[in-house]
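Q: fold the following, please.
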Amino acid sequence: MNNTNVYCIQEVIVIVNIVKKTLKSQVYDYLREQIIVGKFKPGERLIEEKIGEELNVSRSPIRESIRMLEKEGFLNLSKTGGVTVVEPSLTDYQYLYECRIEMESLAAYYAAMRRTDEQLLMMKKEVENTVLHQETQDEKRVTVAFHDIIIEASANLFLISMLRMLRGVNSFYREVIVDKDPKYKEIAFVDHEQIWEAIAEQDADGAKELMKQHIERDFTHFMNLNRKELEG
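A: Numbering: from 1, shown residues only. Down below sits the predicted model:
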């Protein structure tokens, strides 16, 4: 076999691996999104064959995606091989928030130090949008966007990666166990405005403390709101 043939074979292998990776990513993104938006309900069993038929893919990328989602806290894998959507408890919610309190406050700290003018304007826009969309379905998207911009502005790739995973799980948990109190939205808006001001002034310590207080207040509010329903 000459060098040309060897190179051709290597190129084919690389292309095949890229296709497999892309397919797995697509399946993973699809399943993750369907869990977060509630198409797959907590406790519902996922059938690989059914998903494969729906997406027109083999079971291999489905199984790989399931393993990834299990590690991220979206799915449970039983000893018999069954796969079900996680049914989050208040304890799960508490553990999640313990991580968010520390990590998002750290992101706010570094965002104040490293944010660009463009990112600052994007944050301000989302703060203003919070008022415009308080009574609409877009309110949650605006809140998520504000936090996501701060995380990106931290410029810490390790922190960004970990928080992306946490915030995905958080969105899922909030869909399952939380019914937002409209009155609380006004408090959240004030929090966001104060956090933005600290970041704009590059007050890293202030931004960190304000974010910590914001998430702690958020956690306490929703725990009280849902405790009776989930533990009664």
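
Q: just the helices from the chain, written as ranges.
A: Using DSSP state H, the helices assigned to the chain run over residues 3-37, 48-55, 59-71, 90-114, 117-132, 138-153, 157-177, 182-200, 204-231.

Q: and of the ones you listed, who's closest to Val83?
A: Closest to Val83 of the helices of the chain is helix 59-71 (C-beta to C-beta; 5.6 Å). In this view, the C-beta of every residue, glycine as well, is placed from N, C-alpha and C.

Q: buried ones in the closest one?
A: In terms of neighbour count (16 or more other C-beta atoms under 10 Å), helix 59-71 has its buried residues at 61-62, 64-66, 68-69.

Q: center of this protein, which residue is that?
A: With distances taken as C-alpha atoms, centre = their mean, Gly168 lies nearest the centre of the chain, 1.9 Å away.

Q: where does it land on pLDDT?
A: At Gly168, the model reports a pLDDT of 86.

Q: from Asp29, how far off is it?
A: Distance of Gly168 to Asp29, given as C-beta to C-beta, to the nearest Å: 11 Å.

Q: next one: Arg217
A: Taking C-beta to C-beta, one finds Arg217 at 32 Å from Asp29.

Q: more crowded one of these two?
A: Between Arg217 and Asp29, counted using other C-beta atoms under 10 Å, the more crowded position is Arg217 (14 against 11).

Q: contacting residues for the more buried one?
A: 187, 191 (C-beta atoms under 8 Å, 6 or more residues apart in numbering).

Q: least confident secondary structure element in the chain?
A: helix 3-37 (a mean of 64; mean pLDDT, DSSP states H and E).

Q: for this structure, which spans come out with low pLDDT?
A: Scanning the chain for pLDDT under 70 picks out the ranges 1-21, 131-142, 176-184, 227-232.

Q: how is it divided into domains?
A: Domain assignment for the chain by automatic domain parsing gives 3-85, 90-231.

Q: which one is Glu49 nearest to, not counting chain neighbours?
A: Computed as C-beta to C-beta, 6 or more residues apart in numbering, the closest residue to Glu49 that is not its neighbour in sequence is Arg59, at 7.5 Å.
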